[in-house]
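Undergrad: missing the sequence, but the structure's below:
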């Protein structure tokens, strides 16, 4: 099968995240099984040319903003009629391949932006994007006959705009689950892990920790992740002035080994995003024996089964999350049961299972 994959980011991009990891691993396995893949993606500074298999090609055109029009030009000039399947990976903005490609077009959507516009963009662009997105989505729904996504929440979200024939595939993680679930030596370390951005609402996780530590002075918090943006600097200032500043550290971006160690050491992971496609960090932490307390939003309500594999804090505010921290850590039996369930559930989210699910979608 000949596949063209359209995505504005690849795994090497400085802004890459969980979606690029999932997509990249699926591409690896398509190539492994003899399919030919051409990835059309944006250029970026300091990108390097990796050594690739013969049946895998990366074509870089345009930048973050022009890649959509440049990809169409390249396709029409060099690849029209070549592919069996075109995968249009929509990260806020689609490539709209169904309007010009005669191949079978699959729209890959990890999550819709909607509320994220109001957190990640400045006014008035944030309001323009927020208001324009529903019109764009309703137009796309008429063009694409096959949709792939990673959660029931995103499927529900898309159905509201008229999308049909939506298939869900399991995400796959690079992280290997720990082999045995040994008892935590110290479960008082609370973890926030991932890029410190407005849509992640890291400040709310910190305030939840502060609420909990007001009642339990043994708690500490590690806030790890890219801290290069303006919001991250705001978070750093807040931490420096916090009444619990002595109990919090911000190590910034961590190595893969450090990341793994943090997930294994922490007693709980907190995730307070505006929305997620799935919340891969939750599943990765689960695989290392660490349950999560999350906000009740798209994606996170999928990656956490409330009171089974973690806690979904339905009120979506720091005090409610802080109360959940205290409740779970004070109940050893409940904590142990949830931790075990989370670890066992995480073991199905393998790269191979993710690939098999996705392959069934694109070969129809």
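TA: Okay, I see it. Being a predicted model, the structure only gives us computed values, none of them experimental.

Undergrad: list the contacts of residue 294.
TA: 270-272, 279, 282, 300-301, 303-304, 310-313 (C-beta atoms under 8 Å, 6 or more residues apart in numbering). Every residue, glycine included, has its C-beta placed from N, CA and C.

Undergrad: which residue of the chain lies farthest from its centroid?
TA: Most distant residue from the mean C-alpha position of the chain: residue 77, 33.3 Å away (C-alpha atoms, centre = their mean).

Undergrad: would you quantify the distance from it to residue 34?
TA: Applying C-beta to C-beta, to the nearest Å, the value for residue 77 to residue 34 is 27 Å.

Undergrad: picking that back up, name the SS class of the residue farthest from the centre of the chain, please.
TA: helix (DSSP: H, G, I helix; E, B strand; the rest coil).

Undergrad: report pLDDT for it.
TA: On pLDDT, residue 77 comes in at 96.

Undergrad: from residue 57, how far out is it?
TA: According to C-beta to C-beta, residue 77 and residue 57 sit 15 Å apart.

Undergrad: one more: residue 325?
TA: 48 Å.

Undergrad: quick one, which of the two is more surrounded?
TA: residue 325 (24 against 14; other C-beta atoms under 10 Å).

Undergrad: so which bits of the helix or strand containing the more buried one are buried?
TA: Element membership of residue 325, judged by DSSP states H and E, is helix 318-330. Judged by neighbour count using 16 or more other C-beta atoms under 10 Å, the buried positions of helix 318-330 are 318, 320, 321, 322, 323, 324, 325, 326, 328, 329.

Undergrad: retrieve the pLDDT associated with the closest residue to residue 42 other than its chain neighbours.
TA: Spatial nearest neighbour of residue 42, excluding adjacent residues (C-beta to C-beta, 6 or more residues apart in numbering): residue 67 at 3.9 Å. pLDDT for residue 67: 96.

Undergrad: next, the contact list for residue 67, please.
TA: So residue 67 contacts 8, 40, 41, 42, 61 (C-beta under 8 Å, 6+ apart).

Undergrad: closest to residue 163 out of these?
TA: Of all the contacts of residue 67, the one sitting nearest residue 163 is residue 8; the distance, using C-beta to C-beta, is 20.7 Å.

Undergrad: so residue 186 makes contact with residue 267?
TA: Yes: using C-beta atoms under 8 Å, residue 186 is in contact with residue 267, at 7.3 Å.

Undergrad: which of the two has more neighbours?
TA: Applying other C-beta under 10 Å to residue 186 and residue 267 shows that residue 267 carries more neighbours, namely 22 against 10.

Undergrad: distance of the more buried one relative to residue 176?
TA: 21 Å.

Undergrad: now residue 100
TA: 41 Å.

Undergrad: low-scoring pLDDT stretches of this structure, where are they?
TA: 48-51, 116-122, 125-130 (pLDDT under 70).

Undergrad: mind giving me the domain ranges of it?
TA: 2-172+350-362, 189-346 (automatic domain parsing).

Undergrad: point out the most buried one among those.
TA: domain 189-346 (a mean of 20; mean count of other C-beta atoms under 10 Å).

Undergrad: ends of that domain, what's the gap?
TA: Chord length of domain 189-346, first to last residue, is 21 Å (C-alpha to C-alpha, to the nearest Å).

Undergrad: for stretch 79-87, same thing?
TA: End to end - C-alpha to C-alpha - stretch 79-87 spans 14 Å.

Undergrad: phi, psi for residue 41 please.
TA: phi -150, psi 170 (degrees, to the nearest 10).

Undergrad: what ranges do the helices span in the stretch 101-250 of the chain?
TA: 116-120, 125-141, 152-159, 202-213, 230-241 (DSSP state H, counting those that start in this stretch).

Undergrad: next step: the contacts of residue 67 restricted to strands.
TA: 40, 41 (DSSP state E).

Undergrad: out of the contacts of residue 67, the closest to residue 25 would be?
TA: residue 41 (15.6 Å).

Undergrad: is it true that residue 288 touches residue 264?
TA: Yes: Residue 288 lies in contact with residue 264 (C-beta under 8 Å); the separation is 4.6 Å.

Undergrad: what do those two both touch?
TA: Contacts common to residue 288 and residue 264, judged by C-beta under 8 Å, 6+ apart, are residue 178.

Undergrad: reformat the helices of the stretch 101-250 of the chain as a markdown table; add distance to residue 295.
TA: Output for these, formatted as a markdown table (distance: least, C-beta to C-beta, whole Å):
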| stretch | distance to residue 295 |
| --- | --- |
| helix 116-120 | 13 |
| helix 125-141 | 19 |
| helix 152-159 | 12 |
| helix 202-213 | 8 |
| helix 230-241 | 17 |
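
Undergrad: out of those, the one nearest residue 73 is which?
TA: helix 125-141 (20.5 Å).

Undergrad: residue boundaries of the strands in the stretch 1-150 of the chain?
TA: Here the stretch 1-150 of the chain has its strands, by DSSP state E, counting those that start in this stretch, at 2-6, 36-41, 56-60, 85-89, 104-108, 147-149.
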